[in-house]
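Engineer: here is my input; please provide its structure:
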Amino acid sequence: MKQRFKAVVSYDGFDYAGWQIQPAERGATIQQTIQDAISVICQQPVSITGSGRTDAQVHAWGQVFHFDVDFSLNAFQWKRAINGHLPKDIHIRSIEAVDSRFHARFDAIGKRYEYRIQLGEANVFTRRYAFQSPWTLNVQAMREGAAYLIGEHDFSSFCANSRAEMPDQVRTITRLELAEENDQLRLIFEGSGFLRYMVRMMTGTLIEVGRGRLAPQDVQWMLQAQDKQICHFNAKPQGLTLVEVYYPAAAAEAPSDDSALNRKQKEK
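Structural biologist: Residues are numbered from 1 along each chain as shown. Model prediction:
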């Protein structure tokens, strides 16, 4: 009988073509690398399902995935075994046995992302993990612009999803904070879910506000326009990290019968 496991993984995504499996010529992906490790242990193909995808060069501290195996290892043994087959830039932080109805993607109720901007002099030691800004940024103006993004909105202007593939582009941002830490600016995004490139496009727009090329009020105008052609500001990927994926307290133990299978499929 197969057992479902929930895993939390961190990775340095700089050298990968994103989370999702891609044709081999596009480069290694996080999902494929983890699947290969588990498959070697089980000596048969095993697939994993993530909470969502991350783009090429994007990092994660708390990406979540689940997998089903008929193999006599407990959670601790699985963690040790998988980490033993992974490269040093991917690390399983935790594994737990969960109810077979738990779904890493459809049971997620929110996510937290952080985007780091290196201010002032370029830092060679942070170039893989922060956007090296060549400009002086007006952080207060960026905060004023960010305030317009908090709440429930149609984020059509700030995503790459077409209406055909994702008809519902309404999402809720519950937190958007800009924190100055020494020579870095950290943008913290929390929300119910995020569309393709949504965090990077919001960040890129706020950088333009910080440069003075946009006014804070322009963010509101862009949001209300719901126009795919209006935002051309996509922040560099390496500054972005998926920090945490949120689930209901009892999701892994005893999800309701109508949770994963009957839930509207939403890109988180």
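
Engineer: can you give me the helices in the protein?
Structural biologist: Along the chain, the segments classed as helices by DSSP state H run 30-42, 75-84, 139-147, 198-211, 216-225.

Engineer: Ala17: which of the ones you listed is closest?
Structural biologist: Each of these was scored for nearness to Ala17 using Cβ to Cβ, and the closest is helix 30-42 (9.0 Å). All C-beta atoms are positioned from the backbone trio N, CA, C, and that covers glycine.

Engineer: just want the most central residue of this structure.
Structural biologist: Using Cα atoms, centre = their mean, the residue of the chain that lies closest to the mean C-alpha position is Leu242, 4.0 Å off.

Engineer: can you pull the contacts of Val139?
Structural biologist: Contacts of Val139 were listed using Cβ atoms under 8 Å, 6 or more residues apart in numbering, and they are Leu178, Glu180, Leu185, Gly210.

Engineer: quick check, nearest of those to Asp154?
Structural biologist: Leu178 (23.3 Å).

Engineer: so of the helices of the chain, which one's packed in deepest?
Structural biologist: When the helices of the chain are scored by mean count of other Cβ atoms under 10 Å, the highest mean neighbour count falls to helix 198-211 (a mean of 24).

Engineer: returning to that earlier point: select, out of the helices of the chain, the one closest to Arg53.
Structural biologist: In this view, these are compared for proximity to Arg53 by Cβ to Cβ, and helix 30-42 is the closest at 8.3 Å.

Engineer: got the CA positions of the closest one in PDB?
Structural biologist: Backbone C-alpha positions of helix 30-42 (Å, rounded to 0.1, in the frame of the first residue of the first chain) are rendered in PDB as follows:
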ATOM      1  CA  ILE A  30      14.600  21.100  -9.400                       C
ATOM      2  CA  GLN A  31      11.600  18.800  -9.900                       C
ATOM      3  CA  GLN A  32      13.500  16.400 -12.200                       C
ATOM      4  CA  THR A  33      16.500  16.300  -9.900                       C
ATOM      5  CA  ILE A  34      14.400  15.400  -6.800                       C
ATOM      6  CA  GLN A  35      12.400  12.800  -8.800                       C
ATOM      7  CA  ASP A  36      15.500  11.200 -10.000                       C
ATOM      8  CA  ALA A  37      16.900  10.900  -6.500                       C
ATOM      9  CA  ILE A  38      13.700   9.300  -5.200                       C
ATOM     10  CA  SER A  39      13.500   7.000  -8.200                       C
ATOM     11  CA  VAL A  40      17.000   5.700  -7.600                       C
ATOM     12  CA  ILE A  41      16.100   4.900  -4.000                       C
ATOM     13  CA  CYS A  42      12.900   3.100  -5.000                       C
END
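
Engineer: need the nearest residue in space to Arg175, chain neighbours excluded.
Structural biologist: What sits nearest to Arg175 in space, not counting adjacent residues and going by Cβ to Cβ, 6 or more residues apart in numbering, is Glu190, at 3.9 Å.

Engineer: now do that neighbour against Leu178, distance only.
Structural biologist: Look at Glu190 and Leu178: by Cβ to Cβ, to the nearest Å, they are 13 Å apart.

Engineer: ditto for Phe5
Structural biologist: Here Phe5 is placed at a distance of 37 Å from Leu178 (Cβ to Cβ).
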